[in-house]
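>>> Following is a predicted model, sequence given first.
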Amino acid sequence: MKRLLMLTLGLAMAFLSTSGFASPSEALARLFADERASFWHDDPLSATSDGVHDFDDRLPLVTPADQARRLAEDRTFLARLSAVDRSALTDQEQVSFDLFAFMVGERVTLARYREWRLPLNSDSGFHVDVLLMPETARPKTVRDYENYISRLKDVPRFFHDNIANMRIGIGDGFTLPSEILDGVSKVIAGEQYAKPEGSPFWQPFAAFPASVPAGERKRLTDAGKRAIADAVIPAYADFLRFFESEYRPQARKSLGASALPDGHAYYADLVRYYTSLPDATPEAIHKLGLSEVERIHAEMLGVMHETGFKGGFADFLTFLRRDPQSYAKTPDELLKDAAYTAKQIDERLPRFFGHLPRMTYGVDPVPAALAPNYTSGRYNPGPIGGAGQYWVNTYALNMRPLYMLTALTLHEAVPGHHLQISLAREMTGLPAFRLSFYPNAFGEGWALYSEKLGIEMGMYHTPYENFGRLAYEMWRACRLVVDTGIHDMGWSRQQAVDFLSANTSLSAQEIGTEVDRYIAWPGQALAYKIGELKILELRHRAENELGPSFDLRDFHDAVLANGGITLPALEARINAFIAAAKKH
């Protein structure tokens, strides 16, 4: 209570300074700093990832009281923002103003649905965030290790609070659908460990850096072992018992978000959030998805004929799914192919980008505990200042076709997520929130655009690889149809599976995990195609208006110059880029 009173007083004082005693630029900078200070205090895992180590000894605050306090703070932040004269700001400050308004405004909008009652989806959630904690922590000093051990000891409290929130969700009917819980159960079951040394949490104790004195290592190792054995392992066991004995039996039998309390309004707000478009609607997106599916299908037929295959489209999909040459025989083979593909792309990057990031990335398998219910690949940026990781799923190799690996690598590594996120983190002179700000439509849209850019980069060496690219594009177009179908139009899970099976070459394993992901994470699947289409639209506009003076490297640098950005803000920046280019 004391902290709440002090923070409220501090926000009020800051509001007064914003409204009368500071310049607009000073008031804005103070507002941004205050918001990050509050955000990092309440979400120490994000603080650590952002390079802020003041809270490395604890885990996030998630109780209903914490949620209510944060909502009050966010409303005050928006009030302070509205008191700033935007017209008196510099051009870049206006960009920050608009992005902050979107970020905090959407938090306030979505807070009415109390999503904290559902702190997990099909392959992610609070339990996965903790599982990945050793990757983020990377302790280097005795103090770092002591903080890490304290954070391990905080796991039971953090799990208890999230389970309490999930119990509220059970009572309110705000749960994951029971139909997709088999996959979630496998993830949680994979997080159970018999002893500390067999868990990911042991990683920092398995090999100490030279910066930790030898005389301190036994003490830290013993303390770490006790914390994992007495706090972490029991917390995961308790969570599994809760999930199986209490959550699964009482999970809702409905499927779509529209079936939740206030569900249609909830999904409509999620659509606007994940597309970052204020006028987006489920109906318009569903129609767009069907149109894109039809267009891409015609392209896929053309590429199928290039292969010389004699048969229909469904036969070709069956052939691809069953052809043993389409799959790696070992996890190492798949990882090596991914790494080789990534290095081929690296060589081509300077021809398409004028500004490249300093930070590199690795190619690693998806962690074993997550792999069974995980997508084919993902980018893990890790903490600011560290190398990123292009994760490749080596589970069920007969479901990971090699002809799709090029498109996957372009999306998850370069010039997709690694390039985009690393450049954002290396920006200077901007408020801290922008270094990790990630509007889904821009981030995922850029990564999908990168798959298509692979054509110009000469990365698709065979018709099969180009078909794999189109299959991935079709997959994202199908998402527009499937996501809106499930969450707005009452589709069943089987309808979604059938639609993807008929229109993509995705394996049965991938289709199942992907459909569960869309069900558990309403709206997010819309971001990819919506963002890609906007970036392509802006590129075509620049090409048409600039004619022979259009420079693709300059265009790409302009798209990525501001880090994560909403689609309306991106359009404004590219319009300014076009206008400036015309003057030269």
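Here it is on my side, so go on.
>>> Could you use CA atoms for every contact and neighbour count after this?
Noted.
>>> what ranges do the helices span in the stretch 401-550 of the chain?
405-412, 417-425, 440-456, 463-488, 493-503, 508-520, 527-546 (DSSP state H, counting those that start in this stretch).
>>> oh sorry, the question was meant for the stretch 251-400 of the chain
Going by DSSP H, counting those that start in this stretch, the stretch 251-400 of the chain shows helices at 263-275, 282-306, 313-322, 331-348.
>>> so how many other residues sit close to residue 154?
When neighbours are defined as other C-alpha atoms under 10 Å, residue 154 has 19 of them.
>>> which residues touch it?
If a contact means C-alpha atoms under 8 Å, 6 or more residues apart in numbering, then residue 154 has 58-59, 231 as its contacts.
>>> Now, those that are in strands?
Among the contacts of residue 154, no residue falls in strands (DSSP state E).
>>> Just put the residues you listed in a markdown table and tack on neighbour count and pLDDT.
Conversion of those to a markdown table gives the following (neighbours: other C-alpha atoms under 10 Å; pLDDT from 0 to 100):
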| residue | neighbour count | pLDDT |
| --- | --- | --- |
| 58 | 23 | 98 |
| 59 | 24 | 98 |
| 231 | 17 | 98 |
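>>> if we take these, which one ends up nearest to residue 187?
Proximity of the contacts of residue 154 to residue 187 (C-alpha to C-alpha) peaks at residue 231, which lies at 19.7 Å.
>>> Contact partners for that closest one?
Here residue 231 is in contact with 152-156 (C-alpha under 8 Å, 6+ apart).
>>> can you name the two of the residues you listed that are farthest apart?
152 and 156 (8.5 Å).
>>> Next, give phi and psi for the closest residue to residue 424 other than its chain neighbours.
Of all residues not flanking residue 424 in the chain, residue 563 sits nearest, at 4.2 Å (C-alpha to C-alpha, 6 or more residues apart in numbering). When read as degrees, to the nearest 10, the backbone of residue 563 gives phi 70, psi -150.
>>> Go through the helices of the stretch 251-400 of the chain and find the least confident stretch.
Among these, helix 313-322 carries the lowest mean pLDDT, a mean of 91.
>>> So what's the residue count around residue 61?
For residue 61, the neighbour count with other C-alpha under 10 Å is 17.
>>> same question, the one 5 residues further on
Each residue near residue 66 was counted by other C-alpha under 10 Å, and the total is 14.
>>> And it, what's its pLDDT?
pLDDT, residue 66: 98.
>>> Ok, residue 15 next?
Value for residue 15, per-residue pLDDT: 51.
>>> how about low-confidence regions in this protein?
1-21 (pLDDT under 70).
>>> Pop out the phi and psi values for residue 208.
With angles defined as degrees, to the nearest 10, residue 208 sits at phi -80, psi 140.
>>> so what's it up against?
Contacts of residue 208 were listed using C-alpha under 8 Å, 6+ apart, and they are 140, 217.
>>> Residue 380 versus that one, what's the distance?
Per C-alpha to C-alpha, to the nearest Å, residue 208 is found 23 Å from residue 380.
>>> same question, residue 434
According to C-alpha to C-alpha, residue 434 and residue 380 sit 18 Å apart.
>>> How about residue 298?
As judged by C-alpha to C-alpha, residue 298 and residue 380 stand 34 Å apart.
>>> rewinding a little: of the helices of the stretch 251-400 of the chain, which stretch is the most buried?
When these are scored by mean count of other C-alpha atoms under 10 Å, the highest mean neighbour count falls to helix 263-275 (a mean of 21).
>>> helices or strands up against that one?
helix 91-111, helix 440-456, helix 463-488, helix 527-546 (3 or more C-alpha pairs under 8 Å, 6 or more residues apart in numbering; DSSP states H and E).
>>> Using JSON lines, lay out those helices together with mean neighbour count and distance to residue 517.
Below are those laid out as JSON lines (neighbours: other C-alpha atoms under 10 Å; distance: least, C-alpha to C-alpha, whole Å):
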{"stretch": "helix 91-111", "mean neighbour count": "17", "distance to residue 517": "20"}
{"stretch": "helix 440-456", "mean neighbour count": "24", "distance to residue 517": "15"}
{"stretch": "helix 463-488", "mean neighbour count": "24", "distance to residue 517": "10"}
{"stretch": "helix 527-546", "mean neighbour count": "20", "distance to residue 517": "14"}
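>>> got the contact list for the residue positioned nearest the centre of the chain?
Among the residues of the chain, the one closest to the centroid is residue 440, at 7.2 Å (C-alpha atoms, centre = their mean). Contacts for residue 440 (C-alpha under 8 Å, 6+ apart) come out as 274-276, 524, 527-528.
>>> repeat for residue 539
Contacts of residue 539 were listed using C-alpha under 8 Å, 6+ apart, and they are residue 555.
>>> Residue ranges of each domain in this protein, please.
For the chain, the structural domains run 2-254, 266-530, going by automatic domain parsing.
>>> okay, those, which one's buried deepest?
Comparing the domains of the chain by mean neighbour count (mean count of other C-alpha under 10 Å), domain 266-530 ranks first with a mean of 20.
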